[in-house]
Every structure is written in C-alpha cells, then in structure tokens.
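>>> Could you look at this predicted model? Sequence included:
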Amino acid sequence: MKNLFFISALLCFFNSQSQEHSHKSTRALSFPDISGYVTLKTDLHQHTVFSDGNVWPTIRVQEALRDNLDVISLTEHIEYQPHLADIPHPDRNRSYEIALEEAKNHDLMLIHGTEITRRAPAGHSNAIFVSDVNSLMQKDSVAQFAAAKSQGAFVFWNHPAWYAQRPQGNPILSNFQKERIANKELHGIEVINTTDYSEEALAIALENDLTIMGTSDIHGLIDWDYIEKGYSRPVTLVFSKERTKASLKEALFEGRTVAVFNELIVGKSEYVKPLLKACIKIENATYISNTEILKIELKNISSNNILFENTMDYTFYSSSPVFEIKGGETKTLQVKTLKKLTSLNLQLKAISAYDAPKSHPIINWFISLD
Ligand SMILES: [Zn+2]
Ligand SMILES: [Zn+2]
C-alpha cells in the first residue's frame, strides 16, 4: 500500500510538473462559443494605484488569469488622482505599459483605456482602444470625447445610474449623451457596474442601439469584493470573429455582447439566446421503461448557474417547473409526454436572463428520439 501511495504521489507530481504554467483556479469563468463567433470574457473597467485603486497594475493581470479572462482594460480616472503626492504620474499611459509587460507571456489581451471623470450630466465614461491617454487630458469634456474619437476609441457610459450623481438611482440620458451618440463618440453603456444592475440603463441601450456592458469597476481586490462574497466578477462577453484586438474592437462597435454577473445574464436577444442555448448540452434523452416519461439530461457547460422555467405544455414528473442548473453540473428532467414521441422541442424560459427589461428569453432545443 505504501508503495502504491508513493507511485501515485510520484505520478501526481510529474503530472503537475508537465502541465503548462497556469494561474487558473477553481473560480475560473467559462462560457461556450456561439455559432460564428469566439466568446471572449472581458472586464474593461478596472482601477489601480495610478488612479483611486489600491493595487499595482500587475495584480490586475494576475487576477484576470485566475478568473480565466481573455481581455482586460485598466481605466484610470483622468481627473481623479488621489495618490498624486506619492505617485506623480506624469505619463498617463504607465499603468497600461506595466500591465502589458506582466501579461506578455500569457494568453491575455490588454486594451489601453482610461476613464473620463466628470460631474453629471456628462458623468463618467471609459474610452478604450486609445493610443495616448495624455492627449485626452483636456479641460473641456466635449473636446475629450472628440480626442477619443480621433484615436478610434470605443467609448461607453459608466454606471449611469450611480446614486452619487443620480439620487433616484436611475440614469438620465441628457443632451450631453444624446449629442455624443449623434456624433458617434459614445457607443456603449454599462447595465451592470460592480454589483448594481440597472433595467433603465438596459432600456437606454436598446432604444439607442448602445453596446451592453458589464464591468467590475474594481478598486480593491477581486477576491475581497467578489470571490469571498460568493460572487464572480461582472464581465462582458464579447462575440468576436477572431481572438484578436481588431476583431474584439469590431464586435464592441457592432454591439455583439452579453453582460453577466452571477446568475444575471443581460443582452440583446440575438446574442443572449444563442449563448444560453450553447451553455446547455443535451446529454441523453430516453423514456423510462414501460412509461411515457422522458428522461432528459441537461449539462450546463458554462461556469454560471442558470435558472429556467418550463414553458412547454408538457409538465414534469419530478422537479419544480422552475429549476436551476449549476455551472458545470447536470440536471435530469422527467417530462410527461403522454405518448411516446419521435422528437421533442424542449422549450425553457431563462428566468435569470433578460433580453429587455422584464423580458426573459425563451430557448428551444430540438431533441430527436428513437
Ligand atoms: Zn466611474
Ligand atoms: Zn471606474
């Protein structure tokens, strides 16, 4: 027995030695690709000591690797620099450059970004895919947006419902934003920022064809603010033709995104539906012998728990019509089809997901049986 233990311990050792160098952990996020697109997991709103965050930029890269993200952006405030006495910060591109160096040996894309930080009605906006943050240091916010546009930046409106700027906790689309949208200087909006979700921001996104975003806006540690509370950080899933910066940028401008925070999944119907469909794989479907009860095994191949409700005429033998499939787990349904069918259109409403305010997407899986 001792020898056996020694051999298996040795095998374990060699196995772990032969594995690629990886920072992934058990909390790694995972989402399937959808037809025609690679699903990129992004967190495009984060801070470090180079604005009002509490960590060095290298930590943001290491956290992203632990969460299995594909893309991050460090978006330091241009106008809010509380550490300036200790970190004079004459070159506003430094946090990006330090993170880029840390990420160079890893499969993580770094996007150069910054946060334009103004009072309401302009509020806060992130400009990403910028080439030089120093040239965005301008007094006039209108000039800043024009400068971001001249660099080809993708710009999104941050936490538009933030109660420090909007005491009712509701976003107000002001003339400032309307003009920026008309000038093609504002392209997206956060519907999820930190732990906050705004249905009103989703309505603004859909009415103005803005890209739907979800971000952590992390200032401290992802572990302390999210993981230890049992959460995953909010992310924007971007459906990109290829795994390249150019393709990612195109997808953001085209609005091919879904915002995710734990069970909450928010996006335009054309992206949220294929995503949810791809998350659930039909593993097996057979009748219980001598019955008309169809057993269907559904595997959730994503890392997120998803809540469904049965919307078929057929009812279930076991389980509530409302049920959860935890990330990575399999759930068996028992559907009373009343007679033996040759195929079934499994139809479930994803009640933890939204494709518009108050609207849950309905997902169909065609199952052939024989
Ligand atoms: Zn902000
Ligand atoms: Zn921020």
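Yes, it's here. Not measured: the values here are computed from a predicted model. Numbering: from 1, shown residues only. Ligands and ions are numbered 1, 2, ... in the order given.
>>> Quick check: closest non-adjacent residue to Ser269.
Sequence neighbours aside, Asp355 is the residue nearest to Ser269 in space, at 4.0 Å (criterion: Cβ to Cβ, 6 or more residues apart in numbering). C-beta coordinates here come from the backbone N, C-alpha and C atoms, glycine included.
>>> What about the closest residue to ligand 2 within the stretch 1-150 of the chain, how many residues nearby?
Nearest to ligand 2, among the residues of the stretch 1-150 of the chain, is Glu115, at 5.0 Å (Cβ to the ion). Using other Cβ atoms under 10 Å, Glu115 has 26 other residues around it.
>>> do Thr332 as well
12.
>>> that older thread, grab the nearest non-local neighbour of the residue of the stretch 1-150 of the chain closest to ligand 2.
Thr75 (4.5 Å).
>>> thinking the residue of the stretch 1-150 of the chain closest to ligand 2 is in contact with Asn158, fair?
Yes: using Cβ atoms under 8 Å, Glu115 is in contact with Asn158, at 6.7 Å.
>>> list residues touching both of those two?
Shared contacts of Glu115 and Asn158 (Cβ atoms under 8 Å, 6 or more residues apart in numbering): His45, His124, Ser125, Asn126.
>>> Compare the residues you listed and tell me which is most surrounded.
Ser125 leads the shared contacts of Glu115 and Asn158 on contacts (other Cβ under 10 Å) with 30 neighbours.
>>> tell me the contacts of it?
Ser125 neighbours (Cβ under 8 Å, 6+ apart): Glu115, Ile116, Phe145, Val155, Phe156, Trp157, Asn158, Leu186.
>>> Go through those and flag which are in strands.
Glu115, Ile116, Val155, Phe156, Trp157 (DSSP state E).
>>> Let me see the contact set for the last one.
When you say that, I think you mean Trp157. Neighbours of Trp157 in contact, by Cβ under 8 Å, 6+ apart: Gly123, His124, Ser125, Pro171, Gln177, Leu186, Gly188, Ile189, Glu190, Leu210.
>>> just the third one next, same as before
Applying Cβ under 8 Å, 6+ apart, one finds that Val155 lies in contact with Ser125, Asn126, Ala127, Ile128, Phe145, Ala148, Lys149, Arg180, Glu185, Leu186, His187, Gly188.
>>> What is the neighbour count of Ala278?
Count around Ala278 with other Cβ under 10 Å applied: 17.
>>> Is it located within a strand, as I assumed?
No: the assignment for Ala278, made by DSSP: H, G, I helix; E, B strand; the rest coil, is helix rather than a strand.
>>> Quickly note the distance from whichever residue of the stretch 201-350 of the chain sits closest to ligand 2 to Leu237.
Nearest residue of the stretch 201-350 of the chain to ligand 2 (Cβ to the ion) works out as Asp217 at 4.5 Å. From Asp217 across to Leu237, the span is 17 Å (Cβ to Cβ, to the nearest Å).
>>> Distance of whichever residue of the chain sits closest to ligand 1 relative to Ile362?
Ligand 1 sits closest to His124 of the chain, with a gap of 3.4 Å, by Cβ to the ion. In this view, His124 and Ile362 are 35 Å apart by Cβ to Cβ.
>>> Equivalent analysis for Ile204, please.
24 Å.
>>> ditto for Phe31
Phe31 is 20 Å from Ile362, by Cβ to Cβ.
>>> Between those two, point out the one with more neighbours.
Legend: neighbour count by other Cβ under 10 Å for Phe31 and Ile362, higher for Phe31 (22 against 16).
>>> how would you label the more buried one: helix, strand or coil?
Applying three-state DSSP: Phe31 is coil.
>>> Model confidence for it, exactly?
We have a pLDDT of 98 for Phe31.
>>> ok, now Arg27?
On the pLDDT scale, Arg27 gets 88.
>>> Give the closest residue to it in space, chain neighbours not counted.
Arg27 sits nearest to Ile227 (Cβ to Cβ, 6+ apart), 5.8 Å away.
>>> Surely that neighbour is in contact with Glu63?
No: with contact defined as Cβ under 8 Å, Ile227 does not reach Glu63; the gap is 9.4 Å.
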